[in-house]
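J.: Would you be able to build a 3D model of this:
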Amino acid sequence: MRKWLKLKPLVAKSGEMQHLDTLRFLASLGIVFHHSKEFMFSSAANERSDGLALFVDMFFIISGYVISHMYFGHIGDLRSYGCFIKKRIARLFPLHLLTIIVSAILYAGFEALQLPSRHTPSFSPLCIADTVLLLHTIIECGNRQYFNGVNWSISVEMMMYIGFPIAIILSRNARRRDVLAIATICAAIILGAIHRYGLDLRVHDWIDAENFHPLLRGAFGFGIGVALFRLRHLLGPFTPPLPILAGGLLAIVAAMLSGQSPLLILALIISLVTGAVARDLYASATPGLTRIAPLGQLTYSIYMWHNLFILVLINIVGDKLMKGSGIAIVALSLVCYACIFVTSLISFHLFEVPMRRKIDGTSVFGKARAQKSSVAS
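T.: The predicted model follows:
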C-alpha cells in the first residue's frame, strides 16, 4: 500500500525537449476531449469539431522527430536494429496488452449484461491475435472493431519503427537524399488525397480508415518528423517567441473546432511543431513550461487508458444507464478525466516503467544503449 501512496513526482530527465513534451501532453488532452465530446455537443457540432482527431497526426510528427533524435546515429547493423525494436516493444506492448485484456473483460461484461454497444469487437481468436500483434492496420479482421480501438495508431507507429532504418540508409548514400525522398513521399500522399477528394478535402476524408489508409497518415506525419530532425540546424532564424507558439496552438484548436480543411490544420500543426523544435534547440523554456513538460511522459498512458474510461463512465453509465445530459454529463466527464489522469500516473510508475526496464534488460539482442532524452517516446 505504501508503494501506491509514494509515487515519485514526474521529473524531466533533461531539458532537451520541453516544448515538444508539453505539446504531446496537450495533444493527448485534445484526443481525450475529442472522444468524449459527442456526449456533450449536438450532432452537428460534434461532426464539425472532428478535426480534433488530427492531434494524432501531431503525435506522428513529434514521434518521427524524437525517434530520429534518439536513434539516428545509433542504428548501424542488424544487432543495433534489434536493440532498437526491442526498446520499442518494451515501450509499447506491455500497456497495449494490458488495455486489450481490460477491454476484452469490459466487452464480455457488456455482452453478459445485454448492454448495447455499436463498437463491440470480434472475439475471434484470429482477430484478437491480429490486434495483439499490432497488425490490424495491415490485416483487417472481423467487423473492423478492435479491443481498445485507439491502438490503431500504435499499430501504425510500430510499422513506422520497423521501416525507420530506410531513412538512415538513404542518409548515408548522399547528403540530404533522405530528406528529398521523404519530401517526395509526403507530397505524393497529399497530392493523392487531393486527387481523390479534390481541394475541398474534408476532415473525414483524412481521418476515416475507409477513406484514407492509416498507414499513409502515419507515413506522412512520421516522415515530416524525420525531415525536421534532419533540417534542424536550419531552424535557428525561425525560432518563435513563446506567445506566438501559444497562439499557433490556439489557432489549431480553433480550426479543428470550426471544421476547417485538414490541409490547413496539418499545415498549422507542422508549423507549430517546427516552432517547438526550434525553441527546444535555440531558446530556453519558461519556468511555467518546465513544470508542465514532465507530464508529457504520461502521453502514452493517457492515450491508451482514456477510451476505456470514456466507454464505461460516460457512454455506459452517463448516457445509457443514467440518460444524463447537460450539466450531469459535463460533471461525469470531469470525474472521468480525473480517473484517466490518476490511472495513467499509477500505470506509468507501477507498470509501464518496471515492465520497460525488465524487457530492456533481456539479452536477446544485447542491452540497448541508454538514452538521455526526456521524452517518453
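J.: what's the helix or strand for the residue nearest to Ala90 when sequence neighbours are not counted?
T.: Spatially, and ignoring its direct neighbours in sequence, Ala90 is nearest to Ile359 (3.7 Å; CB to CB, 6 or more residues apart in numbering). To be clear about C-beta, it is placed using only N, CA and C from the backbone, and glycine gets the same treatment. In this structure, Ile359 is located in helix 353-360 according to DSSP states H and E.
J.: Could you list the low-pLDDT ranges of this protein?
T.: The chain contains residues with pLDDT under 70 at 1-7, 13-14, 116, 172-176, 363-377.
J.: Which of the helices or strands spans the residue nearest to the spatial centre of the chain?
T.: Nearest to the mean C-alpha position of the chain, by CA atoms, centre = their mean, lies Phe59 at 4.3 Å. Using DSSP H and E, Phe59 sits within helix 55-71.
J.: Number of residues surrounding Lys8?
T.: Residues near Lys8, counting by other CB atoms under 10 Å, number 7.
J.: which SS class is it?
T.: coil (DSSP: H, G, I helix; E, B strand; the rest coil).
J.: Against Pro125, how distant is it?
T.: 39 Å (CB to CB, to the nearest Å).
J.: what does Ser117 give?
T.: From Ser117 over to Pro125 (counting by CB to CB), the distance is 20 Å.
J.: For these two, indicate the residue with more neighbours.
T.: Shown here are Ser117 and Pro125; by other CB under 10 Å, Ser117 has more neighbours (15 against 8).
J.: Can you name the residues that contact the more buried one?
T.: Applying CB atoms under 8 Å, 6 or more residues apart in numbering, we find Ser117 in contact with 107, 110.
J.: And it, how far from Gly109?
T.: Relative to Gly109, and taking CB to CB, Ser117 is found at 11 Å.
J.: Check Arg291 too.
T.: 39 Å.
J.: cool, Pro241 as well?
T.: Applying CB to CB to Pro241 and Gly109 gives a distance of 51 Å.
J.: now Leu308
T.: Taking CB to CB as the measure, Leu308 falls 12 Å from Gly109.
J.: ditto for Thr299
T.: From Thr299 to Gly109 the distance is 28 Å (CB to CB).
J.: Who has more neighbours out of these two?
T.: Using other CB under 10 Å, the more surrounded residue of Thr299 and Gly109 is Thr299, with 25 against 12.
J.: residue contacts, that one?
T.: Counted by CB under 8 Å, 6+ apart, Thr299 has contacts 24-25, 27-28, 59, 376.
J.: Likewise for Leu134?
T.: 92, 96, 151, 154-155, 158.
J.: For it, which three-state class applies?
T.: Taking three-state DSSP, the label given to Leu134 is coil.
J.: Name the next helix or strand downstream of the host helix or strand of Val253, please.
T.: Here Val253 is covered by helix 242-257, with elements defined by DSSP H and E. Scanning forward in sequence from helix 242-257 by DSSP H and E, the next helix or strand is helix 262-282.
J.: mind listing what's buried in that next one?
T.: Buried residues in helix 262-282, counted by 16 or more other CB atoms under 10 Å: 262, 265-266, 268-280.
J.: Using PDB, write down the CA coordinates of stretch 281-290.
T.: Output in PDB follows, covering the C-alpha atoms of stretch 281-290 (Å, rounded to 0.1, in the frame of the first residue of the first chain):
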ATOM      1  CA  LEU A 281      17.100  23.900 -29.800                       C
ATOM      2  CA  TYR A 282      17.700  27.600 -29.600                       C
ATOM      3  CA  ALA A 283      15.600  29.100 -26.700                       C
ATOM      4  CA  SER A 284      15.100  28.400 -23.000                       C
ATOM      5  CA  ALA A 285      11.800  27.100 -21.500                       C
ATOM      6  CA  THR A 286       9.900  29.300 -19.200                       C
ATOM      7  CA  PRO A 287       9.500  28.200 -15.500                       C
ATOM      8  CA  GLY A 288       5.800  27.500 -16.100                       C
ATOM      9  CA  LEU A 289       6.500  25.300 -19.100                       C
ATOM     10  CA  THR A 290       9.200  23.400 -17.200                       C
END
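J.: buried set for it?
T.: Result for stretch 281-290 [16+ other CB under 10 Å]: buried residues 283, 285, 289.
J.: Thank you, goodbye.
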